[in-house]
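Participant: I'd like to go over a predicted model; first the sequence, then the structure.
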Amino acid sequence: MKTATQIIPESPLSGEPETADRAEVDTDTSPAATRDAPGGIASGNAFVVPGQGADANAFLHLDPAIRPIAAQDNLTRAQHVLKDVYLNHPHAQAVERQIEQLIRLPRKIRMPGLFLCAESGIGKTHILRRIERHHPVHEDGTRRCRPVLYVQVPAAPTVRSLRRTLLDEAEIPFLDYPNKPTPESLLRRGLAAAHTRLLMLDEIHNIEHMKYTTRTLLRDYVRCLSNSTQLPIVLGGTSEFEQALTEDRQLESRYPIMRLPRWTDSPEFIAFLQGYERACPLRLPSRLAEPQFVRAILAESHGITDSIIRSLQAAALVAIRVGTERIGLEDLAWWRDPPAFQGIDQASELASESELAKAWLDDTRRSANPPSGQEPRQSRNRARIQGEGKI
C-alpha cells in the first residue's frame with residue numbers, strides 16, 4: 001500500500017511572524033499502512049528542501065523527505081529534532097473528518113457542533129490549529145476571507161471578555177465603551193462578511209472555573225452564539241466542561257462529545273511510534289515498535305502525547321550527541337533533566353532554537369538525573385482542586 005507523505009514548514013498563523021520552528025509530518029500512520037510499507041517506510045511523493053550531498057539510497061529506515069536532513073551535520077539535525085512536529089494518526093484523522101464535515105454544512109437555524117474532549121497534552125489544540133491552517137485567511141477580490149476562526153477562551157472569562165476576544169481574533173473593528181455593551185450584531189455581520197464557516201473555541205473548560213452566575217451566563221452565551229451566527233462551533237477542552245453538557249440538555253444535544261484518549265499499548269500507538277521514527281533524522285533505526293520500547297515509553301509518559309514527543313526528542317538529541325544514532329531505553333528520561341545554558345544571562349530573552357540545540361550537543365553528562373518522584377504533568381479535575389483548597 002502506498003501512502004503520500006509530506007513534510008513541510010507549517011504556515012504561520014494569522015498575525016504571527018514567519019518562523020521555521022515548526023514542521024508538519026502528514027503521514028498515514030495507520031497500522032495497515034505501516035505494515036504494508038516496504039521495510040516499514042511509508043513511500044510516496046514528498047516535498048523537502050534538498051540537503052547537501054544527500055544519498056537517496058542511504059538511511060532507508062527514514063521517510064524519503066527526511067533522508068537528506070539525516071546526511072547533514074549534528075547541529076542541523078538537532079535543530080530539526082526540536083521542531084514542533086505533527087504526526088497525523090488515526091485518532092486525529094477521525095476528528096478532522098468530523099470537523100471538515102461541519103465546515104461544509106449548509107447554513108440553517110440550528111447548526112450542529114462538536115465538543116473535542118481530552119486531557120491536557122493529548123493534542124486537541126494541535127488538531128484545531130491544523131484545521132485553521134488548512135483553511136487560511138485569504139483575499140477574495142476586495143474581501144478578506146477567514147473560513148475558520150480559532151479562539152482561545154480567556155483564563156478568567158466573562159461574556160464581555162469572550163465577545164471582545166472573538167472580535168479581536170476575527171479582526172473586526174469596534175469601539176469598546178466601558179459602560180456600554182458591544183452590539184451582538186457586530187460579530188454576526190463581521191463573520192458573515194469574512195465568509196466564516198466555522199468557529200472553534202479552545203480551552204472552553206475555563207468557563208467552569210468561574211463563579212456560578214458568571215458561569216451560567218457564559219454557558220448561555222456559548223449556546224446562543226451558534227444560533228446568532230448560524231455557524232457550527234467546535235469546543236475544545238478537558239472533561240471539566242463535560243459536566244456542563246450533562247447539566248444543560250440544550251448544550252448536550254448540540255455538542256456531541258468526541259474524545260481523544262491517552263495512548264495505550266495498541267497497534268495505533270505502535271504505528272504512531274514508527275511514524276515518529278521515520279520523521280526523526282537519526283542515522284540508525286531505533287526500532288521503537290519493539291515491545292520493550294512501547295512499554296518503557298508508556299511508563300515514562302503515562303500515555304500523554306506531549307510527554308511522549310518530549311521524551312523521544314530528548315532521547316534523539318542524546319543519541320546525536322553521543323554518536324549512537326539510535327534512541328536507547330536509558331535515554332527516555334532525559335526530557336526531565338535538560339542541560340543548563342552556559343554563559344546566558346538569566347534576565348535575557350529565551351534561548352534561540354540554535355542555542356538550545358547547542359546546549360544539548362555540548363552537554364557532558366553521562367546520564368540523566370531527573371528530580372526524584374517527578375512525573376509527567378497530568379490534568380486535574382475541578383473537584384480535586386477544590387478539595388485541595390486551591391479555589
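Facilitator: Thanks, I have it.
Participant: do you know how far Ala155 is from Arg164?
Facilitator: Distance, Ala155 to Arg164, by C-beta to C-beta, to the nearest Å: 14 Å. Backbone N, C-alpha and C define where each C-beta goes, glycine included.
Participant: Repeat that for Tyr255.
Facilitator: Distance, Tyr255 to Arg164, by C-beta to C-beta: 23 Å.
Participant: which one of the two has more residues nearby?
Facilitator: More neighbours surround Tyr255 than the other of Tyr255 and Arg164, with 25 against 16 (other C-beta atoms under 10 Å).
Participant: Distance of the more buried one relative to His134?
Facilitator: Separation of Tyr255 from His134 (C-beta to C-beta) stands at 22 Å.
Participant: can you check Pro154 too?
Facilitator: 26 Å.
Participant: got it, and Leu332?
Facilitator: As judged by C-beta to C-beta, Leu332 and His134 stand 33 Å apart.
Participant: Those two - which one has more neighbours?
Facilitator: Between Leu332 and His134, Leu332 has the larger neighbour count (other C-beta under 10 Å), namely 22 against 14.
Participant: Would you mind measuring from the residue positioned nearest the centre of the chain to His89?
Facilitator: The chain has His126 as the residue nearest its centroid, 2.0 Å off, counting by C-alpha atoms, centre = their mean. Noted for His126: a distance of 11 Å to His89, by C-beta to C-beta.
Participant: Helix or strand: which one has Tyr150?
Facilitator: strand 148-152 (DSSP states H and E).
Participant: Go ahead and name everything in contact with that strand.
Facilitator: Applying C-beta atoms under 8 Å, 6 or more residues apart in numbering, the contact partners of strand 148-152 are 103, 128-129, 131-132, 135, 165-166, 169-170, 191, 196-203.
Participant: Just the buried subset of the residues you listed, written out for PyMOL, thanks.
Facilitator: For anyone working in PyMOL, the buried entries among the contacts of strand 148-152, judged by 16 or more other C-beta atoms under 10 Å, can be selected with:
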select buried, resi 103+128+129+131+132+135+165+166+169+170+191+196+197+198+199+200+201+202+203
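Participant: In strands, which of the contacts of strand 148-152 appear?
Facilitator: 198-202 (DSSP state E).
Participant: Count the residues that sit near Arg283.
Facilitator: Residues contacting Arg283 under the criterion other C-beta under 10 Å number 18.
Participant: any idea how far Ala78 is from the residue lying closest to it once chain neighbours are set aside?
Facilitator: Here the nearest residue to Arg283 in space, its sequence neighbours aside, is Glu325; by C-beta to C-beta, 6 or more residues apart in numbering that works out to 4.3 Å. Using C-beta to C-beta, we find Glu325 at a distance of 12 Å from Ala78.
Participant: Look at these two and report which has more neighbours.
Facilitator: Using other C-beta under 10 Å as the criterion, Glu325 and Ala78 rank with Ala78 on top: 23 against 17.
Participant: What number of residues are in the vicinity of Phe241?
Facilitator: Using other C-beta under 10 Å, Phe241 has 25 other residues around it.
Participant: ok, now which ones touch it?
Facilitator: For Phe241, the contact set (C-beta under 8 Å, 6+ apart) comprises 115, 117, 204-205, 207-208, 235.
Participant: pLDDT and secondary structure added to the residues you listed, as CSV?
Facilitator: Converted to CSV, the contacts of Phe241 look like this (pLDDT from 0 to 100; DSSP: H, G, I helix; E, B strand; the rest coil):
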residue, pLDDT, secondary structure
Phe115, 96, strand
Cys117, 96, strand
Ile204, 96, helix
His205, 95, helix
Ile207, 95, helix
Glu208, 94, helix
Leu235, 97, strand
